[in-house]
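J.: pasting the structure only:
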Ligand code: NAD
């Protein structure tokens, strides 16, 4: 049985989807959850209430991680709650975009990289004084960091820019793991396939469902909880000898 009793855990983008399920899984394991959100104050507060109602500890904190100051603002709030010790950080907040190659704008590109790469990069920098021996970081990457999904072609929408943000984050994970390992800090990625959240609305259409099931060995659509359980394991002592890894959580996609 994995336990995070007495541990503190930050989950970014925890108001919905994979982040919400992860916050609940970590709370069940006994951690005090710092529920980070961007704009969805009501959803975040209702998650805090739910965790507390089940006997857990939780606080909500807000910061826009796409802004240059977002990471430092969030780290400051984390420090005001946990003091000098953060045990678990789950870097989950992210955005995606699927359009034809000709339709990408500079703004799309910059938003994707600001949210998915710059935010996590500086958040780790800012959290570092609170991380120590036994602390760990799990970054939510994606199967698209390593695999091309959808139907390739210039007339078809693709997640090319999003995919490259996830490639960048996996490179960071390896570097962070190497740099922070001597301090006893583990850093890993979890790479989901298609998961039924607001980000993957296409799974709600028959065509989207068919494409998704067509590339998976396991024939159902992945759920946020499928990812959350793996993140909870990666955050626990059960994963003490894993660092610098990227764990696929994708029902056997594109085997
Ligand atoms: P989602 O859209 O439901 O959740 C994303 C979360 O990130 C939201 O809570 C949102 O508020 C937060 N967020 C986005 N931009 C932010 C910002 N600037 N500041 C603060 N918070 C911000 O989608 P999800 O599927 O739960 O995505 C969670 C993570 O999982 C993302 O990193 C995503 O890339 C990754 N992922 C999702 C899938 C999928 O199929 N759903 C697959 C692979 C990876």
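T.: Noted; the coordinates are in hand. The structure displayed is predicted, hence computed values, not measured ones.
J.: who touches stretch 12-21?
T.: With contacts defined as C-beta atoms under 8 Å, 6 or more residues apart in numbering, stretch 12-21 is touched by 11, 22-23, 33, 35-38, 40, 43-44, 47, 65, 74, 90-94, 119, 123, 140, 192, 195, 197-199, 223-225, 227-228. Heads up, the C-betas are built off the backbone N, CA and C, glycines and all.
J.: list the ones among these that fall in helices.
T.: The helices, defined by DSSP state H, take in 22, 23, 43, 44, 47, 74, 119, 123, 224, 225, 227, 228 from the contacts of stretch 12-21.
J.: show me what the strand or helix carrying residue 51 is in contact with.
T.: Assessed by DSSP states H and E, residue 51 sits inside helix 41-53. By C-beta under 8 Å, 6+ apart, the list of residues contacting helix 41-53 from outside reads 14-16, 20, 23-24, 27, 33, 35-37, 57-60, 62.
J.: farthest-separated two in the residues you listed?
T.: Maximum pairwise distance in those, criterion C-beta to C-beta, is 20.6 Å, between 16 and 57.
J.: quick one: which of the two has more around it?
T.: Comparing residue 16 with residue 57 by other C-beta atoms under 10 Å, the one with more neighbours is residue 16, at 17 against 14.
J.: re earlier: can you point out the buried residues in the helix holding residue 51?
T.: Residues 43, 44, 47, 48, 51 are the ones in helix 41-53 that count as buried (16 or more other C-beta atoms under 10 Å).
J.: same deal with stretch 84-100?
T.: Applying 16+ other C-beta under 10 Å to stretch 84-100 flags 86, 87, 88, 89, 90, 91, 92, 93, 94, 95, 96, 97 as buried.
J.: biggest separation within those, which pair?
T.: 87 and 97 (33.3 Å).
J.: flag the shaky bits of the stretch 1-150 of the chain, pLDDT-wise.
T.: Scanning the stretch 1-150 of the chain with the threshold set as pLDDT under 70 gives 1-2.
J.: quick one on the thing from earlier: out of the contacts of stretch 12-21, which are buried?
T.: The buried subset of these - by 16+ other C-beta under 10 Å - is 11, 22-23, 33, 35-38, 40, 43-44, 47, 65, 74, 90-94, 119, 123, 140, 192, 195, 197, 199, 224, 227-228.
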